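A.B. asks: structure, please.
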Amino acid sequence: MKKQDQRQLFERIIEQHKGILFKVARAYCPDDEDRQDLIQEMMIQIWQSIHKYNDQYKISTWLYRVSLNVAISFYRKSSTRAKKFTELNDQKAEALVNDKSEKEKHLIILEQFISELKEIDKALMLLYLEDKSHTEIAEIIGISVSNVGTKIGRIKGQLRTRFSQFKS
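C.D. replies: A predicted model of the protein is given here:
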C-alpha cells in the first residue's frame with residue numbers, strides 16, 4: 001500500500017470510527033489526561049498496523065481489536081499510577097447520582113461496576129453493550145465463541161449481585 005493510500009485510509013478510519021476509540025478509552029481510563037494519552041497510543045498503533053489490515057474483516061472489528069489490545073496494555077502499565085485515583089465506593093457513586101433520573105443513575109452505577117472488572121471482562125462487556133455478536137466478540141478478543149457466552153453470563157451475574165447489594 002502506498003504511503004498516500006495508507007494515510008487516506010487512516011484518516012477515513014479515524015474520522016468514521018473515532019467513537020470506538022473514545023468508548024474504549026473511557027472504559028479503561030477514569031482520568032481525562034490518561035484517556036487522551038490512551039487515544040493517542042491507539043492512533044499510533046492503528047497507523048503502525050494499518051498495512052496489516054485484512055479487508056476480509058470488518059474495519060470496526062479490526063479497530064476494536066487494536067484499540068482493546070492497546071488499552072489493556074496501557075491499563076497494565078499504568079495500574080501503578082492508578083493507585084493515586086481512588087475507586088468509587090458505593091457511597092461516592094450514590095453521591096454522583098443524586099441529581100439524575102433513575103435511568104441515568106443506573107447507567108452511572110453500571111459504568112462504575114464495569115470499570116472495576118478485570119481488563120478482559122471489561123472489554124467483553126464493552127463489546128456486549130455495543131451489541132456485538134458473540135462471534136464478533138470472539139474475533140476481537142481472541143477467545144472461543146462459547147467462552148464469550150460463558151464469560152458474559154458470569155459477568156452479568158456479578159453485576160446483578162452488585163446492583164442488588166447497592167440497592168439494599
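
A.B. asks: helix or strand next in line after the helix or strand of the chain with the lowest mean pLDDT, which one?
C.D. replies: Counting by mean pLDDT, DSSP states H and E, the weakest-scoring helix or strand in the chain turns out to be helix 90-97, with a mean of 50. Using DSSP states H and E, the helix or strand that follows helix 90-97 in sequence is helix 102-115.

A.B. asks: tell me which other helices or strands the helix or strand following that following helix touches.
C.D. replies: Toward the C-terminal end, the helix or strand that comes next after helix 102-115 (DSSP H and E) is helix 119-129. Helix 119-129 sits against helix 3-28, helix 59-78, helix 102-115, helix 134-141, helix 145-167, with contacts defined as 3 or more CB pairs under 8 Å, 6 or more residues apart in numbering; DSSP states H and E. For every residue, glycine as well, the C-beta is placed using N, CA and C.

A.B. asks: how about a cut-off of 6 Å?
C.D. replies: Counting contacts by 3 or more CB pairs under 6 Å, 6 or more residues apart in numbering; DSSP states H and E, helix 119-129 packs against helix 59-78, helix 145-167.

A.B. asks: for that helix, buried residues please.
C.D. replies: 119, 121-128 (16 or more other CB atoms under 10 Å).

A.B. asks: so what's the nearest residue to Ala123 once chain neighbours are set aside scoring on pLDDT?
C.D. replies: Nearest residue to Ala123, sequence neighbours excluded (CB to CB, 6 or more residues apart in numbering): Leu68, at 4.8 Å. At Leu68, the model reports a pLDDT of 92.

A.B. asks: okay, now the domains of the protein?
C.D. replies: The chain breaks down into these domains under automatic domain parsing: 1-85, 86-168.
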